[in-house]
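Asker: sequence first, then the predicted structure, then my questions.
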Amino acid sequence: MSAIDYSVVVPAYREAGNLRPLVTRIFAALQRIDSPVPAHAVEVIVVDDNSRDGSVEVVQALQREGYRVRIIVRTTERGLSSAVVRGFQEAQGDNMLCMDADLQHPPEFVPQMLAALSPTKVFVLGTRYGGGVGAIDEGWPLHRRVISNGARMLALPLTSASDPMSGFFGIRKEVFNKARNLNSQGFKIALDLLVKARIPPHAIAEVPFAFGLRTEGESKLDSKVMIKYLLQLAELYWYGYHGVVAFLFLGIFALFVLFLRWWWSDPVTRQVTVPPTTGKGRAH
Ligand SMILES: Nc1nc2c(ncn2[C@@H]2O[C@H](COP(=O)(O)OP(=O)(O)O[C@H]3O[C@H](CO)[C@@H](O)[C@H](O)[C@@H]3O)[C@@H](O)[C@H]2O)c(=O)[nH]1
Ligand SMILES: [Mg+2]
């Protein structure tokens, strides 16, 4: 087999139904004549937290069909961010990409995302706020829009990147290796890397993409994940600014938590129909 220059890391928990379309669509995109990256130089690494839902068997079947994909099953650790860190540690390629398993990050963008990485552009970010992709929150319930935009605003002082929360991002191996004290809790590993690997604005490439709908399985983003995000932001503010700004942040943090409490506790007086949190075809 030829050398691997590119690794696509996919954190996955109970995603058996999504792995086959994900892997076959990634390699179909790489095999297109206009792909800037050759398929034979790419590996896919699924980092699964002991889902026991048939994910291992799906990956084994794909391997038998010749796809360069492997699965790491973790039994003692859980969590999206730490799964991504584990995948990056195991990656053979110098250019590493992280994407969700549930097809919300379109596999057809993988060649372009990988090709955007270089010794000068050491970080690539799939952004839902780029030109020509439409409003990302169209059709989202109001509470999801408030949370998403609130989360984005709070990160503004930390990075110039337009969408550090998209979850679709890539980094060069040598830069990842230099990052220290990564926060492996929660969902926001890209933001953590941008701040702690001290990626300068000119070294970030951005690729606009449209966030897809999940049609199989369920989102794992819950209120615990949001609290972890706020704690992570506090840590990053402290890391980046110390003292005064951290104090200011704690004030904003308290207001945000109060707002969320009010939001979830009083749906009647706000006259909002809260949609069911489970089911197919959700935007998150
Ligand atoms: N290994 C592992 N994977 C996990 C875990 N929790 C979630 N994942 C995987 O991480 C990916 C994203 O999880 P979702 O549950 O689909 O999250 P989401 O609500 O769609 O959030 C995504 O979009 C957000 C933007 O709206 C992103 O901010 C977020 O990082 C993520 O990419 C999926 O592939 C899911 O299986 C975990 O504990 N362990
Ligand atoms: Mg999702």
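Answerer: Yes, it's here. Ligands and ions are numbered 1, 2, ... in the order given.
Asker: residue 63 and residue 57 touch, don't they?
Answerer: No: if you go by Cβ atoms under 8 Å, residue 63 and residue 57 don't touch, sitting 10.6 Å apart. Any C-beta I mention is one placed from the backbone N, CA and C, and that applies to glycine too.
Asker: show me what from the stretch 1-150 of the chain comes close to ligand 1.
Answerer: Counting by Cβ under 6 Å from any ligand atom, the residues of the stretch 1-150 of the chain lying close to ligand 1 are 11-13, 15, 47-49, 78-80, 83, 100-102, 104.
Asker: tell me which parts of this protein are close to ligand 2?
Answerer: When proximity is defined as Cβ under 5 Å from the ion, the chain approaches ligand 2 at 102, 104, 214, 219.
Asker: now residue 212: how far from ligand 1?
Answerer: Going from residue 212 to ligand 1 by Cβ to the nearest ligand atom, to the nearest Å gives 10 Å.
Asker: what pLDDT does that residue get?
Answerer: If you check residue 212, the pLDDT there is 77.
Asker: show me the contacts for it.
Answerer: 103, 104, 105, 106 (Cβ atoms under 8 Å, 6 or more residues apart in numbering).
Asker: about what we covered before: can you select the buried ones among the residues of the chain next to ligand 2 for me in PyMOL?
Answerer: Remark: buried members of the residues of the chain next to ligand 2, expressed as a PyMOL selection using 16 or more other Cβ atoms under 10 Å:
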select buried, resi 102+104+214
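Asker: re the thing from before, what's the farthest-apart pair in the residues of the stretch 1-150 of the chain next to ligand 1?
Answerer: Within those, two members stand farthest from each other by Cβ to Cβ: 78 and 104, at 20.5 Å.
Asker: what subset of the residues of the stretch 1-150 of the chain next to ligand 1 is buried?
Answerer: For those, buried by 16+ other Cβ under 10 Å: 11-13, 15, 47-49, 79-80, 83, 100-102, 104.
Asker: could I get those residues as JSON lines with secondary structure?
Answerer: Output for these, formatted as JSON lines (DSSP: H, G, I helix; E, B strand; the rest coil):
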{"residue": "11", "secondary structure": "strand"}
{"residue": "12", "secondary structure": "strand"}
{"residue": "13", "secondary structure": "coil"}
{"residue": "15", "secondary structure": "coil"}
{"residue": "47", "secondary structure": "strand"}
{"residue": "48", "secondary structure": "strand"}
{"residue": "49", "secondary structure": "coil"}
{"residue": "79", "secondary structure": "coil"}
{"residue": "80", "secondary structure": "helix"}
{"residue": "83", "secondary structure": "helix"}
{"residue": "100", "secondary structure": "coil"}
{"residue": "101", "secondary structure": "coil"}
{"residue": "102", "secondary structure": "coil"}
{"residue": "104", "secondary structure": "coil"}
